[in-house]
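Enquirer: Provided below for reference: sequence and predicted model.
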Amino acid sequence: DTGVSQDPRHKITKRGQNVTFRCDPISEHNRLYWYRQTLGQGPEFLTYFQNEAQLEKSRLLSDRFSAERPKGSFSTLEIQRTEQGDSAMYLCASSIGTSSYEQYFGPGTRLTVT
Amino acid sequence: DAKTTQPTSMDCAEGRAANLPCNHSTISGNEYVYWYRQIHSQGPQYIIHGLKNNETNEMASLIITEDRKSSTLILPHATLRDTAVYYCIVSAAGTDSWGKLQFGAGTQVVVTP
């Protein structure tokens, strides 16, 4: 399968712990996006990368959140000192070029903070 | 702020056409209309996009009104696998917001046998 992959698919953690998610985009897709989705809502944009450069961060992304994309390949999203409000589905998407109309989404990582 | 307005839910009979409306009355001249759908427990999936003209692909047709203030996604022959939440999104080409998809709550479509 050559689609966008995310790992892990599910994560349960205790409040205050740090968690890290990984996203592997489609090969040669130079744009990578992170979204967060809570129950009953549509996905909300968090941040995106053009190759290894992080071009924008949403105000939803507090200081506890950090994302990286070393070498413009896979990306990681880390949440420090997790809170119950961080419980959500974290979605990754990739697209080719800056003018692509279509984003390809991964299956998401479901985070539950207890 | 939401740029699009969609009905919360709609039902459709299997084999019939499903017509999903979307209002985007404040759309700008350089903003495209996109449709994505999200089947339960999966990531969103691109369906179709358009600027001014009507568009058709293997999944659906997109009808955009002449004033571009509303559009309709048409699934010509709905199947049970089309049950999903459908999102109508507007996004401007050539701007910093390009690619930052702003999803609303979408329309929950249930296709029944």
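Expert: Here it is on my side, so go on.
Enquirer: okay, now residue 52: neighbour count?
Expert: You didn't pick a chain, so chain A it is. Per other Cβ atoms under 10 Å in any protein chain shown, the neighbour tally for residue A:52 reads 14. Placement of C-beta: from N, CA and C, glycine included.
Enquirer: Hmm, no, I was thinking of chain B.
Expert: Neighbours of residue B:52 (other Cβ under 10 Å): 12.
Enquirer: Kindly report the same for residue A:97.
Expert: 12.
Enquirer: I figured it was touching residue A:28, is that so?
Expert: No: Residue A:97 lies out of contact with residue A:28 (Cβ atoms under 8 Å); the separation is 9.7 Å.
Enquirer: mind checking how far residue A:43 is from chain B?
Expert: Counting by Cβ to the nearest Cβ, to the nearest Å, the gap from residue A:43 to chain B is 5 Å.
Enquirer: burial count for that residue?
Expert: Residue A:43 has 27 neighbouring residues, counting by other Cβ under 10 Å.
Enquirer: Spit out the contact partners of it.
Expert: Residue A:43 sits next to A:35, A:36, A:37, A:91, B:44, B:101, B:103 when contact means Cβ atoms under 8 Å, 6 or more residues apart in numbering or on different chains.
Enquirer: Got the confidence number for the fifth one?
Expert: Read that as residue B:44. At residue B:44, the pLDDT value in this model is 96.
Enquirer: Near it, how many other residues are there?
Expert: 27.
Enquirer: Run through the residues that contact residue 28.
Expert: Since you didn't name a chain, this refers to chain A. Contacts of residue A:28 by Cβ under 8 Å, 6+ apart are residue A:96.
Enquirer: if you could check chain B rather than the one you did, that'd help
Expert: residue B:92.
Enquirer: which SS state does it fall under?
Expert: coil (DSSP: H, G, I helix; E, B strand; the rest coil).
Enquirer: near chain A, which residues of chain B show up?
Expert: Proximity of chain B to chain A, by Cβ under 8 Å from any Cβ of the partner chain, involves residues B:32, B:34, B:41-46, B:49, B:85, B:87, B:93, B:96, B:98-106.
Enquirer: Put the buried members of those into a PyMOL selection.
Expert: To isolate the buried members of the residues of chain B next to chain A in PyMOL, using 16 or more other Cβ atoms under 10 Å in any protein chain shown:
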select buried, chain B and resi 32+34+43+44+45+46+49+85+87+98+99+100+101+102+103+104+106
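Enquirer: Might you enumerate the residues of chain A proximal to chain B?
Expert: Counting by Cβ under 8 Å from any Cβ, chain A sits next to chain B at A:4, A:31, A:33, A:35, A:40-45, A:48, A:55-56, A:91, A:93, A:95, A:98-108.
Enquirer: what residues does stretch A:50-61 touch?
Expert: A:30-31, A:36, A:44-49, A:67-72, A:98, B:96, B:100.
Enquirer: For PyMOL, write a command that selects the buried ones of those.
Expert: Here is the PyMOL selection string for the buried members of those, based on 16+ other Cβ under 10 Å:
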select buried, (chain A and resi 30+31+36+44+45+46+47+48+49+67+69+72) or (chain B and resi 100)
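Enquirer: quick one: which of the contacts of stretch A:50-61 sit in strands?
Expert: Judged by DSSP state E, the subset of these located in strands is A:31, A:36, A:44, A:45, A:46, A:47, A:48, A:49, A:67, A:68.
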